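> I need the structure of the sequence given here:
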Amino acid sequence: MTSFDTIQYLWNQQSNRVTVSSQLEELIKLAEKKTRKIKTRQYWNTGILGISILLFVWYIAVFTGLRASWFHTGILLMLLSLVLRLVIETRSLVTLNRIDIRTDFRNYSKHITRFYKSRKMVHYVATPLILSTYVTGFCLLLPVFKKSFSTAFFVYIVISGGCFLIVFTFFMIWEIKKEIKMLSFLRDIDI
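Reported below is the predicted structural model:
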């Protein structure tokens with residue numbers, strides 16, 4: 001190889017490394033952006049769940065107290081389902097915060113795959129169980145609502161509660177699909 005060919009070869013290799021390095025940096029920035037979106041959603045989820053739990057506890061403390069009745073069982077089921085979801089979301093957030101995107105690929109891939117699998121379990125196993133527990137709790141409140149409120153207001157509670165649960169379920173499915181898509185992207189990154 002002549003010296004010019006050697007210089008040309010080294011120059012070409014340098015150019016390729018810069019291109020690969022810039023592509024790698026762009027990929028890492030995109031992964032960081034997607035991870036930030038997931039973290040932001042989880043912070044919002046934990047905040048909303050925390051406020052909801054505080055409102056339930058306040059309602060129980062101020063208006064009902066703890067007694068043994070179907071109404072109280074319903075409220076406690078609703079409260080416990082929210083607390084369980086808060087614990088799951090907080091645990092997921094802590095796990096996600098521990099994953100370093102800028103670490104070596106093998107380590108990152110192992111951690112994000114584990115996180116991805118845990119989130120799929122949350123979405124496909126825990127979420128339906130939590131939602132069904134919440135709905136069961138709401139249904140246990142309905143007989144007391146029927147006795148306590150006028151027929152028109154009771155019908156309003158049933159219709160608005162049912163519509164809320166349907167809309168909330170569709171919104172939750174939409175959000176879960178978006179999160180699974182982002183997590184799939186993060187898992188499939190090939191650095």
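
> what is the subsequent helix or strand relative to the least confident helix or strand in the chain by mean pLDDT?
Within the chain, no helix or strand scores below helix 3-59, which has a mean of 71 by mean pLDDT, DSSP states H and E. Sequence-wise, the next helix or strand downstream of helix 3-59 (DSSP states H and E) is helix 70-98.

> okay, which residue is most central for the chain?
Compute the mean C-alpha point of the chain, and by C-alpha atoms, centre = their mean the closest residue is residue 42, 5.2 Å away.

> grab the nearest non-local neighbour of that one.
Distances taken as C-beta to C-beta, 6 or more residues apart in numbering put residue 93 closest to residue 42, at 4.5 Å, once the chain neighbours are dropped. C-betas here are computed from N, CA, C, even on glycine.

> OK, contacts around that neighbour?
By C-beta atoms under 8 Å, 6 or more residues apart in numbering, the contact set of residue 93 is 39, 42-43, 46.

> go again using 10 Å as the cut-off
Listed by C-beta atoms under 10 Å, 6 or more residues apart in numbering, the contact partners of residue 93 are 38-39, 41-43, 45-46.

> wait, which of the residues you listed is closest to residue 146?
residue 45 (32.3 Å; C-beta to C-beta).

> I'd say that closest one and residue 86 touch.
Yes: here residue 45 reaches residue 86: they are 8.4 Å apart, a contact under C-beta atoms under 10 Å.

> make a markdown table from the contacts of residue 93 and add distance to residue 110 to it.
A markdown table is the format used below for the contacts of residue 93 (distance: C-beta to C-beta, whole Å):
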| residue | distance to residue 110 |
| --- | --- |
| 38 | 18 |
| 39 | 20 |
| 41 | 23 |
| 42 | 21 |
| 43 | 25 |
| 45 | 25 |
| 46 | 26 |
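
> give me the buried subset of those residues.
Neighbour-count burial within the contacts of residue 93 applies to 38, 41-42, 45-46; the criterion is 16 or more other C-beta atoms under 10 Å.
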